[in-house]
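**Student:** requesting a structural model of the entry that follows:
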Amino acid sequence: MYLIDNKQEEIEKTTEVISLLPDRLWVTGSSTDPESAVSEIVRLKPDLVICEWYMGRINGTALMKTVERAGARCRFIVLTRYESVSALQSFFPEGGLDYLTKPLDLKSLQSALGRYEAKMKRLYKSDSG
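**Tutor:** Residues are numbered from 1 along each chain as shown. As a prediction, the model looks like this:
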C-alpha cells in the first residue's frame, strides 16, 4: 500500500490507523508530492494507493490516470474532507475503487479494504475462470 497526501501529518495519521488493523498490511511508501510519487509507485508496484482527493495541482483521478499511463497497475482509494461524492464524479468511471472521509477511522478503513478484497477476488475469479 502506498500513501499520498500533501500533508505529512495526514500520512502519519493514516499510517497509525492502518497499524490498528488486525491483518498485517504494509505501507510500502508514502509521499507528500503526487508528481514524485508516480515514479515510486511504478518502482514499488503496490496493490493499493490511498491518496488525498485534492492535492493542489492534481486530484485523485488525474493521479490515477498518470500512474496507469506510467505502467503501474494498482487500485486507488481517495481520502476527502467532503461528505458529497459529487466532487468525485470522474473518479469512479475511471476505475477508482472507493473514497473515505477524513478524519479516517478504523471502521471505515476496514470496510473499504473489505470491498477492495472482494473486488480483487471477483476479478481474479473472472480472469482465471
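**Student:** who are the packing partners of the helix or strand bottoming out on mean pLDDT in the chain?
**Tutor:** The helix or strand of the chain with the lowest confidence, counting by mean pLDDT, DSSP states H and E, is helix 106-128 at a mean of 84. The contact analysis (3 or more C-beta pairs under 8 Å, 6 or more residues apart in numbering; DSSP states H and E) places helix 106-128 against helix 8-19, strand 75-80, strand 98-101. For every residue, glycine as well, the C-beta is placed using N, CA and C.
**Student:** CA atoms only: put the first one into PDB for me.
**Tutor:** So that's helix 8-19. C-alpha atoms of helix 8-19 as PDB (Å, rounded to 0.1, in the frame of the first residue of the first chain):
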ATOM      1  CA  GLN A   8       2.900  14.700   6.200                       C
ATOM      2  CA  GLU A   9       0.800  14.700   9.400                       C
ATOM      3  CA  GLU A  10      -2.100  13.200   7.400                       C
ATOM      4  CA  ILE A  11       0.100  10.400   6.100                       C
ATOM      5  CA  GLU A  12       1.200   9.800   9.700                       C
ATOM      6  CA  LYS A  13      -2.500   9.700  10.900                       C
ATOM      7  CA  THR A  14      -3.400   7.300   8.100                       C
ATOM      8  CA  THR A  15      -0.400   5.000   8.900                       C
ATOM      9  CA  GLU A  16      -1.500   5.000  12.500                       C
ATOM     10  CA  VAL A  17      -5.000   3.800  11.600                       C
ATOM     11  CA  ILE A  18      -3.600   1.200   9.300                       C
ATOM     12  CA  SER A  19      -1.400  -0.100  12.100                       C
END
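**Student:** what helices or strands is that helix leaning on?
**Tutor:** By 3+ C-beta pairs under 8 Å, 6+ apart, helix 8-19 packs against strand 2-4, helix 106-128.
**Student:** try 7 Å this time
**Tutor:** Applying 3 or more C-beta pairs under 7 Å, 6 or more residues apart in numbering; DSSP states H and E, we find helix 8-19 packed against strand 2-4.
**Student:** with that, I have no additional questions.
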